[in-house]
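*Asks:* pasting the sequence and the predicted model now:
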Amino acid sequence: MATNEVSANDFNSRVWSERVFVITQDYEIKGVVFMPKTGKRNRILSDILNGEKKFVAIKNCELKNRLIPNRPIEIHDFIQLNINSIIILRPLTENDINR
């Protein structure tokens, strides 16, 4: 492994992950966000919204177009979402997974 690479186990030991449901004007997004283990686990989503970063990285995403509901759901390994475009950001529930 190169010196700048991080193993999956090392990465997972330094971050918390949270499955999320995000609503923007155009999309409903389901995916996973990550935060460094520097604070309390229950503050992950608040820290994302109140932090200094302008974008949030979301992995393993499903994007459903809200304006054209019959459009096929898009699947992406990774997206960067501008914080200002978020209307709702919350933990993903079982009801969201089955929709």
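*Replies:* Here it is on my side, so go on.
*Asks:* would you agree residue 63 is in contact with residue 76?
*Replies:* Yes. Residue 63 is within contact range of residue 76, at 6.8 Å (criterion: Cβ atoms under 8 Å). Placement of C-beta: from N, CA and C, glycine included.
*Asks:* who has more neighbours, the two?
*Replies:* More neighbours surround residue 63 than the other of residue 63 and residue 76, with 22 against 13 (other Cβ atoms under 10 Å).
*Asks:* need the phi and psi values for the more buried one.
*Replies:* phi -110, psi 120 (degrees, to the nearest 10).
*Asks:* please apply the same query to residue 64.
*Replies:* phi -110, psi 120.
*Asks:* now do residue 26
*Replies:* phi -100, psi -20.
*Asks:* what does residue 70 give?
*Replies:* phi -80, psi 0.
*Asks:* please apply the same query to the one 5 residues further on.
*Replies:* With angles defined as degrees, to the nearest 10, residue 75 sits at phi -120, psi 130.
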